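1. What follows is a predicted structure for the sequence shown.
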Amino acid sequence: MTTKAQQYDVIRKPIITEKATMASEHNAVVFEVAIDANKPQIKQAVESLFNVKVKAVNTSITKGKVKRFKGKLGKRKDIKKAYVTLHEGSTIDVSTGL
């Protein structure tokens, strides 16, 4: 059993974009998660933090872009997103915050 602090380490923050809003119409919520988190960890964290039933978890990793800052090359961090599909009747209001 993991503690609440460990679950908040797995789920960083909700992602609120146009694409994430379109996914919410199909009973899905998008979160930024830890880069080393796996699907069972994400499912367990969402179910225990929000008291909902998770149907499926899909993940994607967005590679960080190489950008220039004051003439020097830098790299943005890689981001892992989790698309969490909920069972019918379960909802998460991401506007209230974690």
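-> Arrived safely.
2. On the three-state scheme, Ala45 is what?
-> helix (DSSP: H, G, I helix; E, B strand; the rest coil).
3. what number of residues lie near it?
-> 25 (other Cβ atoms under 10 Å). (Glycine included, C-beta is placed from N, CA and C.)
4. Repeat that for Ile42.
-> With other Cβ under 10 Å as criterion, Ile42 counts 24.
5. How about Val52?
-> 17.
6. State the distance from it to Val33.
-> Counting by Cβ to Cβ, to the nearest Å, the gap from Val52 to Val33 is 16 Å.
7. hmm, what's the outermost residue in this protein?
-> Gly71 (33.0 Å; Cα atoms, centre = their mean).
8. And the least confident helix or strand in the chain by mean pLDDT, what's buried?
-> The weakest-scoring helix or strand in the chain, judged by mean pLDDT, DSSP states H and E, is helix 4-10 (a mean of 85). When neighbours are counted by 16 or more other Cβ atoms under 10 Å, the buried residues of helix 4-10 are found to be Gln7, Val10.
9. and if you look at stretch 39-50?
-> Gln41, Ile42, Lys43, Ala45, Val46, Glu47, Phe50.
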